[in-house]
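K.L.:
the following block contains a protein sequence and its predicted model.
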Amino acid sequence: MSLQKPTGFRFSDNTLSDFKEYTSSNHYTQDEALRSLLDSVKQASPLSNLDLPPEAGSHVQKFLDSLHTAETEFAGCLSAVVSAQQALTDHQRAKIEEKTDHLERLTDDNAEQAELITKLQNRIEKNQQEIQALHNTVDSLTEQNTSLQQTISAFNQTSQFLAEKLETLCATNCRTEKVNKE
């Protein structure tokens, strides 16, 4: 009985390129294809059942031993890669959480600033209304002042007129008294 070959995989003088072609044609990653190849070798018949020359057994056993060593090393490498990927994922998750927290703080700060801006805008509007009310009061006081000045001017004219009349009356009265005394 001869060594069973992995399903779909053919051995040749150029096994490495055949293996790469087998990997790409079956859309396997090289890791998956290597595992498939190793599983196929493990499932092969025991060496005692093989129809091989006696010296081939030791070569095949050495090959299988080196294959087992390579599989163990590969599993160790694969485990290290998985650990590194997990560490990277954890690091990225921590960074994302940090950025998310930072964005939440910025959002809260922006909300507080927006609230403060709204309060300031309301205060500015109230101040503008108060300023307008003061302008209206000043305008009203200016009109009242103008009216008062006109009243004072009229009062002064009346006072002057009355003073002139009083002077005339006094002069007439003085003359009348003189005449009456004579």
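P.N.:
Cool, got the structure.
K.L.:
where in this structure is pLDDT low?
P.N.:
Within the chain, the stretches with pLDDT under 70 are 1-58, 60.
K.L.:
so where's the longest helix in it?
P.N.:
Among the segments of the chain that qualify as a helix by DSSP state H, the longest is helix 54-181.
K.L.:
which strands or helices does it pack on?
P.N.:
Contact partners of helix 54-181 among helices and strands, from 3 or more CB pairs under 8 Å, 6 or more residues apart in numbering; DSSP states H and E: helix 30-42. All C-beta spots, glycine's among them, are computed from the backbone N, C-alpha and C.
K.L.:
what do you get if the cut-off is 6 Å, keeping everything else the same?
P.N.:
If you count contacts as 3 or more CB pairs under 6 Å, 6 or more residues apart in numbering; DSSP states H and E, helix 54-181 packs onto no helix or strand.
K.L.:
can you offset everything so residue one is 51?
P.N.:
All set: I'll call the first residue 51, so the last point we hit is now helix 104-231.
K.L.:
give me the contact list for stretch 137-144.
P.N.:
For stretch 137-144, there are no external contacting residues (CB atoms under 6 Å, 6 or more residues apart in numbering).
K.L.:
what comes up buried for that stretch?
P.N.:
Using 16 or more other CB atoms under 10 Å as the burial criterion, none of the residues of stretch 137-144 qualify.
K.L.:
also stretch 225-232?
P.N.:
Neighbour counts using 16+ other CB under 10 Å place no residue of stretch 225-232 among the buried ones.
K.L.:
next one: stretch 111-123
P.N.:
Within stretch 111-123, the residues that count as buried by 16+ other CB under 10 Å are Glu121.
K.L.:
what of stretch 193-212?
P.N.:
When burial is assessed from 16+ other CB under 10 Å, stretch 193-212 yields no buried residues.
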